[in-house]
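Colleague: What would the 3D arrangement of this be:
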Amino acid sequence: MTMVSMFEAKTNLSRYVASVESQQEPYVVITRNGKPVAKIVPFEEDTGKRIGLAEGYLPYLSSLDDFNSIDVESEMANGGSL
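Modeller: Sure, this is the predicted structure:
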């Protein structure tokens, strides 16, 4: 972890972003008057994990036509997953 002043962060922002991006640093803390006020962290992509009652039952389908071709009622009645 690196702690830098607001002035230092403004002056060398791209350097600190690059160090977080390349995982040389897990994060960089920006301080104002010696007190932490912000943190530069790597951006994490959304995993796309689906939650809810249908999790594990409905597959990811690329189009509405694919979805409409599935007989959901019979699949659920048989206790199977799609």
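
Colleague: Name the spans of the chain whose pLDDT lies under the cut-off.
Modeller: By pLDDT under 70, the low-scoring segments of the chain are 47-70, 72, 75-76, 79-82.

Colleague: how does it divide into domains?
Modeller: If you go by automatic domain parsing, the domain ranges for the chain are 2-40, 54-82.

Colleague: and the end-to-end length of the first one?
Modeller: Domain 2-40 has an end-to-end distance of 10 Å (criterion: Cα to Cα, to the nearest Å).

Colleague: now the strands for this structure?
Modeller: 2-5, 28-32, 35-40 (DSSP state E).

Colleague: between the second one and strand 35-40, how big is the angle?
Modeller: Just to be clear, that refers to strand 28-32. 150 degrees (axes from the mean of the first three to the mean of the last three Cα atoms, to 10 degrees).

Colleague: Note down every partner strand of strand 28-32 and its orientation.
Modeller: Strand 28-32 pairs in its sheet with strand 2-5 (parallel), strand 35-40 (antiparallel), by DSSP bridges.
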